[in-house]
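> Pasting the sequence and the predicted model now:
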Amino acid sequence: MERTRPLTLTHEQLEIAVKNESQKFQGYYQWLEQAMPHTFFEDISEENIMLITHSLMGFHVQEFFSTIQLKHAAIVMCLDSADADLRILKDYALYGIKNYQTYVSKMALPFPGVSANLRVASLYFTEAIEPAIPAYPQKEKEELRALVKERNPQVSDEEFERLLSGINNRFLRALPVERLILALGMFFRAKTRDNCQYEVRYNEDWQEKGVASMQIVLAWRNTPKYHFLYRLARTIQRHGLVMKSVNACYIDPYSKNSILLMVLSLHGSNGEAAWDVADIPNFLREFVTVKYFPSFDEIDQQLISKGVVTGAMGNFLRASVSFIHQCLVHLDAHLYTPEKIEEDLCRHPELTQQICLAFKNKFDPDDGNLEEYLKIRTKFLEDVANLDTGHEENDLRRKNVLRQGMNLVHYCYKTNFYRVNYTALSFRMDPHYLDEIPFERQKKFPELPFAIIFSKGMHFLGFHIRFKDLARGGLRTVFPSQAEHMVSEGNRIFTECYSLAYTQHKKNKDIPEGGAKGVLFINPYERLDSETQILRKELEASQTDPAGIEENLALYRKEQAEEFLYQAQRSYIESLLTIVNCHPDGSLRAKYIVDYWQRPEYIYLGPDENMHDSMIQWIAAFSRKYGYKPGGAFISGKPIVGINHKEYGVTSLGVNVYMEALLHFIGIDPTKEQFTVKMSGGPDGDVAGNQICNLYRYFPHTAKLLALTDVSGTIHDPQGLDLACLAELFKERKPIRYYPPNKLNEGGFLVDKESKRNQTAFIQQVLCWKKQEGKLIEDWISGSEMNHLLRHNVHQAKTDVFIPAGGRPRTLNHSNVEDFLDDKGSPTSRLIIEGANLYLTPQARRFLEEKEVLIVKDSSANKTGVICSSFEILCGLTLTDEEFITYKSQLAVEILERLKKCASEEARLLLRTLEEQGGYLTDISELISKRINQFTYQLLDFLEEIELSKDLNDPLIRRFLRYCLPTLRQRFQHALLQEIPEHHKKAIIACSIAADLVYSRGISWLPSVVDVLPLLLEQKEEYLYPPRGKALEAKEIST
């Protein structure tokens, strides 16, 4: 029988084991003393060195990788290698790392067969509540204060104290004073800039001092914690460098103003100087963009990591994926997803590499070669045409993907890619690329725009589309509140931008600027989730109670979502202006951009969804700061130096004009007879809220608002809602959920989406107030009941007028338009005034018009908003801020009068044409826009080669001045003539003549020589006989 081994050692065996372990411990400790640099013993505590020695004793049985986990810290030991930092950091994704220091032995480890040296890494993690630390010595603090204020005189003592208290002591003590001053200087710059603020220092005498050859001192606003140092380390390693030490500090880490301070010491992985190992400018170009693009994707794994393309060119490919997706999603949304497009680019690396090489040859300002680009493109297209893997369906999809990738290069006029330190990539595209997508372009996009700009940045993509050289339109930000809506919304960003710009172009018929639109799509949820997870972990470690944790997380997510919104908008504006901001001769102000367009581009923006006053002011200031010709007029709707649309109700003014005109048309005098209304959009909205106020102001005794839906809920009252109460909600900027339930009449209800309770662990209910049998009932309904009411309440309510004044595009479309019918198949409203853009699809409009609904199309109904913005642009180009503020009240009155005139003129023409010719109002609206734009373009063609006179009696100058507001004309005539660019004056002359002709003569009028004889007689000789090559054709004489 086999003897069993004793469970415990005898006393003698224990003594021998302890003696052996002690000798072994002593031997490894002595090896550390001989092998490790002196800084190892200066920086690492004695207690931790003991732990390292113990771990080293069993290092060989741990596969030469050992982790010692401490409270808020860790020590990692491994064999030294070029990728050692990556192996160390990859396991700390869910930690914010505020200090990372490595120490490498001077000799190989004392293990048989091991020739590698030992690397010991010390990591300290961020904490939700930083521990109390000894105060920074007063003498050193005062020295630091003096040096900081010498370089940054704007810094107050209070701000300095607040800053110093937010920096951990380890960071303060780890840096010599000169590096600390440099880091704080970067911090002050980062407070107002999104891109990485950094400086590089080279240590020429690194060998003598035994230090790293290169240091990067940086400050970066709102950087993530998740895997961030690991991502930096991967970039560093790819360029043949290693991190010798990292000292970091997150200042105000859980607010939207968080700034990362970091000092990295870098050296060549082969022991040589960093500049002898890496192309430093190329390395820095990639390093400072790590934050803005993904790092763990197919492009990284299949192309960058394998050396097929550089890391910087990987960013171009990531932007290409979004561009290609927006092109091909129209063919098949399930076949051409971003994931499949990325996979297809990686499937044929040799062809994708050619796209990158073509891009480099076309746009690299230092090493480009246009002839070489054309050769590469020709060969690429041949190779793609011959692509045959035996899988026809896959080949067809990949051919489409690859061709669109090359189209991004071929149809691009200019890009900011070769700029240093961008926060987003932008590409000015020739719209003819749309004709190269394999679908019938004219069916999807009936008219080619004048220009398209595509942008891709951190968690966002965006487009700016304009239909005329001089153009304006709102900047809309699509930020779905729920992650599950991201795919459906993301699939139609280009379509939404095109449709809005096209509608805007028709809407802008009365003004000199053509139609334009900017749309951003933001999807930050992946990062928001990972950062929330880190914060939760740190709060739990700090012993915060569960309720406090949830409260902190909710506040953090709310603030971060807002910061993502602002950061995306700033990045979009910065990247857009970089490629359009030019000198008067048309040459770009920005360096390192190859420009194949070479003409000035003046774009004007306006506020739209998710555009707050603070951002409007920032955009205007940014435009002024960088010398863009439009200056503060770059964006309209500024709260002080502008005409705020919501404050003055400029869009709803037009809506109200059309509503009143159509009510009269169907035999209702709204000032005397009762009429009923329903709306989408809430009392806190611009168009909806102001139209509610219009109903209360102009029709307090006759208007009955029966139903309304907004983002917070939906309401219905058969007797009509209290307009005074709703007007008060508008003043208080409160949505419909705040409507007092006790104001409901019999049969009324109010669904409050925000008030919820848990029926079970998995089922939520929503509050619904009801008035039944004279009693107010607090009811709780299911999510399905809530969604049914949100979708159907407004559409099913029977009223005279429906005013969509809020809601997403395509809300009423071909698949749900029958919801707008009652049980007898009749429309629930006789009139629709489209206060919101694209609420109804063309198919839905025609379906209802065939059932005798009169619809005023969005391009007519809400055009007064854009007309107001156009006059604001004119004021901004003419007046100083002080002059505008002085005359603002007078200018506002004149603008409102002009808006009413423009809306009334079109309303009369619409209804007069309907009476005389029949048809549908939406078609007539299209014809009005088409005819005015036709005349405008004919006039612009005629005026193109004419130099406008300076003579105030010149008929063209008289026409220009007649268009301008009376205050501008009477008090600032000289400024109008001096400050308004020539092309802008010509656009004003053309559009004002065209609009006057159509509104006075109608859409069927085709002018004869007799009609234009008075104008011809007034013109000077040079206008009658234009330069050779510009002879007037018959159609031009009509102008």
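That came through fine. Numbering: from 1, shown residues only.
> Not counting residues beside it along the chain, what's closest to Thr503?
Taking CB to CB, 6 or more residues apart in numbering as the measure, Thr503 lies nearest to Ser859, with 5.1 Å between them; neighbours along the chain are not counted. Every residue, glycine included, has its C-beta placed from N, CA and C.
> check contacts around the one you found.
For Ser859, the contact set (CB atoms under 8 Å, 6 or more residues apart in numbering) comprises Thr503, Gln504, Lys506, Lys507, Ser925, Glu926, Ser929.
> Need the contact partners of the one helix or strand Asp383 maps to.
Assignment of secondary structure by DSSP states H and E places Asp383 within helix 370-385. With CB under 8 Å, 6+ apart as the contact definition, helix 370-385 has outside contacts at 351, 354-355, 357-358, 361-362, 399, 402-403, 406, 409-410.
> Which ones among those lie within helices?
351, 354-355, 357-358, 361-362, 399, 402-403, 406, 409-410 (DSSP state H).
> Show me which of those residues are buried.
Judged by neighbour count, with 16 or more other CB atoms under 10 Å as the criterion, the buried members of the ones in helices among the contacts of helix 370-385 are 351, 354-355, 357-358, 361-362, 399, 402-403, 406, 409-410.
> would you list the residues you listed in TSV and tack on pLDDT and distance to Ile989?
What follows is those, written out as TSV (pLDDT from 0 to 100; distance: CB to CB, whole Å):
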residue	pLDDT	distance to Ile989
Leu351	98	51
Gln354	98	49
Ile355	98	45
Leu357	98	48
Ala358	98	44
Asn361	98	44
Lys362	98	39
Lys399	97	49
Leu402	98	47
Arg403	98	43
Met406	98	42
Val409	98	39
His410	98	37
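> Switch the residues you listed over to TSV, and while doing so, append distance to Arg428 to every line.
Rendered in TSV, the data for those read as follows (distance: CB to CB, whole Å):
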residue	distance to Arg428
Leu351	25
Gln354	23
Ile355	18
Leu357	21
Ala358	17
Asn361	18
Lys362	13
Lys399	26
Leu402	22
Arg403	20
Met406	17
Val409	13
His410	13
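> Quickly name whichever of the residues you listed is closest to Tyr226.
Taking CB to CB as the measure, Tyr226 sits nearest to Ile355 out of those, at 30.5 Å.
> pretty sure that closest one contacts Val401?
No. Applying CB atoms under 8 Å as the test, Ile355 and Val401 come out as separate, 10.4 Å apart.
> related to what we said a few turns ago, check the contacts of helix 370-385 against Thr8 and report the nearest one.
The shortest approach to Thr8 among the contacts of helix 370-385 belongs to Leu351, at 68.6 Å (CB to CB).
> Next, the contact list for the closest one, please.
Leu351 sits next to Phe380, Asp383, Val384, Leu387, Leu402 when contact means CB under 8 Å, 6+ apart.
> quick one: which of these is nearest Leu838?
Ranked by distance to Leu838 (CB to CB), these are led by Leu402 at 33.0 Å.
> Report whether the expected contact of that closest one with Arg347 is present.
No. Using CB under 8 Å, Leu402 and Arg347 do not qualify as a contacting pair, with a distance of 9.5 Å.
> Give me the buried positions along stretch 599-607.
By 16+ other CB under 10 Å, the buried positions in stretch 599-607 come out as Pro600, Glu601, Tyr602, Ile603, Tyr604, Leu605, Gly606, Pro607.
> confidence score at the fifth one?
In other words, Tyr604. If you check Tyr604, the pLDDT there is 95.
> which residue packs closest to it, ignoring adjacent ones?
Closest residue in space to Tyr604, ignoring its immediate chain neighbours: Arg472 at 3.6 Å, by CB to CB, 6+ apart.
> got it, and the last one?
The shortest distance from Pro607 to any non-neighbouring residue, by CB to CB, 6+ apart, is to Gly637 (4.0 Å).
> Now do Lys141 against Arg846, distance only.
Lys141 sits 74 Å away from Arg846, going by CB to CB, to the nearest Å.
> Leu387: what secondary structure?
Taken by DSSP: H, G, I helix; E, B strand; the rest coil, the conformation at Leu387 corresponds to coil.
> contacting residues for it?
Taking CB under 8 Å, 6+ apart as the contact definition, Leu387 lies against His348, Leu351, Asp395, Arg398, Lys399, Leu402.
> Quick check: the gap between the first one and Leu396.
Computed as CB to CB, the His348 to Leu396 distance reads 14 Å.
> Neighbour count: the two, which is higher?
When His348 and Leu396 are compared for neighbours, His348 comes out ahead with 18 against 13, by other CB atoms under 10 Å.
> Can you pull the phi/psi pair for the more buried one?
When read as degrees, to the nearest 10, the backbone of His348 gives phi -120, psi 70.
> Enumerate every residue touching it.
His348 is in contact with Leu387, Arg398, Leu402, counting by CB under 8 Å, 6+ apart.
> now with 7 Å?
By CB atoms under 7 Å, 6 or more residues apart in numbering, the contact set of His348 is Arg398, Leu402.
> Tell me the pLDDT of it.
96.
> before we move on, back to that, how about the contacts of Leu387, which pair is most distant?
Across the contacts of Leu387, the two lying at the largest distance from each other (CB to CB) are Leu351 and Asp395, at 12.0 Å.
> Centre of the chain to stretch 790-808, how far?
Taking the mean C-alpha point of stretch 790-808 and that of its whole chain, the gap between them comes to 30 Å (CA atoms, centre = their mean, to the nearest Å).
> What residues sit buried inside that stretch?
Taking 16+ other CB under 10 Å as the basis for neighbour counts, the residues of stretch 790-808 that come out buried are 790, 793-797, 799-807.
> can you name the two of those that are farthest apart?
Counting by CB to CB, the most remote pair of those is Leu790 and Asp800, 22.9 Å apart.
> follow-up on the earlier one: any chance of the buried residues of stretch 599-607 in TSV with secondary structure and distance to Gly627 as columns?
Formatted as TSV, the entries for the buried residues of stretch 599-607 read as follows, by DSSP: H, G, I helix; E, B strand; the rest coil; distance: CB to CB, whole Å:
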residue	secondary structure	distance to Gly627
Pro600	coil	13
Glu601	coil	14
Tyr602	coil	13
Ile603	strand	15
Tyr604	strand	16
Leu605	strand	17
Gly606	strand	21
Pro607	strand	23
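> ok, so of the residues you listed, who is nearest Ala483?
Pro607 (26.3 Å).
> Just list whatever residues bridge to that closest one.
In this structure, Pro607 has the following beta-bridge partners (DSSP bridges): Leu475.
> In contact with it, which residues are there?
Shown in contact with Pro607 (CB under 7 Å, 6+ apart): Gly474, Ile616, Gly637, His645.
> Which ones among those residues lie within helices?
Per DSSP H, helices hold the following members of the contacts of Pro607: Ile616, His645.
> which other helices and strands contact the biggest helix by length in the chain?
Secondary structure of the chain per DSSP H: the longest helix is helix 881-917. When contacts are defined as 3 or more CB pairs under 7 Å, 6 or more residues apart in numbering; DSSP states H and E, helix 881-917 sits against helix 650-665, helix 863-878, helix 921-943, helix 966-971, helix 982-1001.
> Determine which of those helices approaches Leu576 most closely.
Across those, the minimum distance to Leu576, taken as CB to CB, is reached by helix 863-878, at 17.0 Å.
> That closest one vs helix 881-917, what angle?
An angle of 150 degrees separates the directions of helix 863-878 and helix 881-917 when computed by axes from the mean of the first three to the mean of the last three CA atoms, to 10 degrees.
> Any idea how many residues pack against the residue nearest to Leu317 when sequence neighbours are not counted?
Nearest in space to Leu317, with sequence neighbours left out and distances taken as CB to CB, 6+ apart, is Ile299 at 5.2 Å. Residue neighbour count, defined by other CB under 10 Å, stands at 28 for Ile299.
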